[in-house]
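In: What follows is a predicted protein model with its sequence.
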Amino acid sequence: MKSVVMKIKLDDGARMPEKAHATDVGYDICSPIDVVVPAHRSVFIDSGVHIHIPLDIAGVLISKSGLNVKHGITSTGLIDPDYTGSIGVKLYNNSVTDYKSAKLVKISQIMFIP
């Protein structure tokens, strides 16, 4: 498998996506702000992370399993290689309880696929 280099720019307050463990496939995306996702509603969060994805690769946002299982929080999205803006994450709260998350807490993960 060939190594791929991606240029990443971070806005003020953003955190570099990273794997929690060497064997992880996804890179964690953190919220740059404190946020409340009301029950049965959604919230859009601008991650402040800009990734220049090569033309033969797509970025896929996937829910963190712990947030999904424990709190009913889901997220999904596809980032095309020609998109150059900040990665936005829409969190959906499928539970009956508001979900509160602090700044720099993991809210989603991104995988890169051909």
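Out: Perfect, thanks for sending it.
In: which element is Val43 on?
Out: Under the criterion of DSSP states H and E, Val43 resides in strand 42-46.
In: What is that strand packed up against?
Out: strand 35-37, strand 88-93 (3 or more Cβ pairs under 8 Å, 6 or more residues apart in numbering; DSSP states H and E). For the C-beta atoms, the positions are set from N, CA and C on the backbone; glycine is no exception.
In: longest strand anywhere in this protein?
Out: strand 106-113 (DSSP state E).
In: List the strands paired with that one, with their directions.
Out: If you go by DSSP bridges, strand 106-113 pairs up with strand 27-30 (antiparallel), strand 58-62 (antiparallel).
In: Mind checking the pLDDT average for that strand?
Out: In this model, strand 106-113 has a mean pLDDT of 96.
In: any idea how far the helix or strand that comes right after the strand holding Val43 is from the chain center?
Out: Downstream of strand 42-46, the next assigned helix or strand under DSSP H and E is strand 49-52. Relative to its chain's centre, strand 49-52 lies at 11 Å (Cα atoms, centre = their mean, to the nearest Å).
In: From the contact counts, what lies against strand 49-52?
Out: Right, strand 49-52 is packed against strand 7-10 by 3+ Cβ pairs under 8 Å, 6+ apart.
In: circling back to that earlier point, centre of the chain to the strand holding Val43, how far?
Out: The chain centre lies 11 Å from the centre of strand 42-46; the measure is Cα atoms, centre = their mean.
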